[in-house]
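Q: what follows is a predicted structure for the sequence shown.
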Amino acid sequence: MEAGLDYAFGLLAPENDEVFEWLDDTTNKDFAYDYHSTVLQMLHDVDPPRSHWVLKSPEHILWIDTLLKYYPHASLIMSHRRLQEVFPSGCRLVLAWTNIYFDKDD
């Protein structure tokens, strides 16, 4: 099962500058990971995965120390994709997220 955080969520916020400021702020995110681990535990109690949870979000690297404080037995994987693959994929993601704000005729 997957749970995560994505900068794309900032696109949905009415005041997205504040969301991006918060995401980019490198101060302690204990409160966020405390909440995250609580929600993950509740999900686990209701519907545990067959083997493990996958927290699939590169943004976790911004707060790696805090992540490992709350998930000390986590295995970390460094993913890498070629720019030629990432850029079009990112554009499609942004298009999908922003399409909800526009009529089909726009």
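A: Looks like it came in fine. Numbers count the residues shown, from 1 in each chain.

Q: let me see the ranges of the strands in this protein.
A: Remark: no strands are assigned in the chain by DSSP state E.

Q: the bottom helix or strand of it by mean pLDDT?
A: None of the helices or strands of the chain scores lower by mean pLDDT, DSSP states H and E than helix 9-12, at a mean of 61.

Q: could you list the low-confidence segments of the protein?
A: 1-16, 19, 23, 26, 104-106 (pLDDT under 70).

Q: all helices of it, in order?
A: Secondary structure of the chain (DSSP state H): helices at 9-12, 16-24, 30-46, 64-70, 83-98.

Q: mean neighbour count and distance to residue 77 added to these, as TSV?
A: The C-beta positions use only the backbone N, C-alpha and C, and glycine is treated the same way. Shown next, in TSV, are those (neighbours: other Cβ atoms under 10 Å; distance: least, Cβ to Cβ, whole Å):
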stretch	mean neighbour count	distance to residue 77
helix 9-12	15	22
helix 16-24	13	21
helix 30-46	13	18
helix 64-70	14	13
helix 83-98	11	16
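
Q: want to try CSV for those, with distance to residue 53 as columns?
A: Output for the helices of the chain, formatted as CSV (distance: least, Cβ to Cβ, whole Å):
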stretch, distance to residue 53
helix 9-12, 19
helix 16-24, 21
helix 30-46, 6
helix 64-70, 12
helix 83-98, 22
